[in-house]
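> Sequence plus the predicted model coming up.
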Amino acid sequence: MSSQILLLGLVVGIVNFLFRYLPLRLHGRKNAAAMPRGMTGLLLDSIGIASICALLVVSSLPEILQHHDRLVPTLLGFGLLCITFYFTRSIIFSTLLSALGYGVTWKLLMMATAL
């Protein structure tokens, strides 16, 4: 088995685990009682963003390994996804905004390299 496949599986597993574990750890058990849906609601809310981020890593890592110029747009899209989801809690809006950020950044970088 290729070491790249093992590395990809390890990265996706760690990111997926952290997106499920960190919301529970950061909010703490004392804040869980104040939340209307409790810890289970927080866990279920974090599954959407964890799935999108796992798909982002799985779909973009092989492309980045072949075309290094796509690293910056991918990182910007990932950053927009996380920041937008943190503030809005809307996975739809976060995904659309991160895709737009990726596309605009990639287009600007392609125009800059053509000059």
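Arrived safely, thanks for sending.
> Domain map for the protein?
1-66, 68-115 (automatic domain parsing).
> Highest mean neighbour count out of the ones you listed?
Of the domains of the chain, the one with the most neighbours on average (mean count of other CB atoms under 10 Å) is domain 68-115, at a mean of 15. For every residue, glycine as well, the C-beta is placed using N, CA and C.
> What is the end-to-end distance of that one?
The distance separating the two terminal residues of domain 68-115, taken as CA to CA, to the nearest Å, comes to 19 Å.
> still on that earlier bit, mean pLDDT for the domains of the chain - can I get that in a markdown table?
Conversion of those to a markdown table gives the following (pLDDT from 0 to 100):
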| stretch | mean pLDDT |
| --- | --- |
| domain 1-66 | 70 |
| domain 68-115 | 87 |
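> State the phi and psi torsions of residue 72.
phi -60, psi -50 (degrees, to the nearest 10).
> isn't it right up against residue 104?
No - using CB atoms under 8 Å as the test, residue 72 is too far from residue 104 to be in contact (11.8 Å).
> gap between the residue sitting nearest the centre point of the chain and residue 69?
For the chain, residue 53 is the residue whose C-alpha lies nearest the centre (CA atoms, centre = their mean; 3.1 Å). Using CB to CB, to the nearest Å, we find residue 53 at a distance of 22 Å from residue 69.
> contacting residues around stretch 2-11?
Residues outside stretch 2-11 that contact it (CB atoms under 8 Å, 6 or more residues apart in numbering): 57-58, 61-62, 65.
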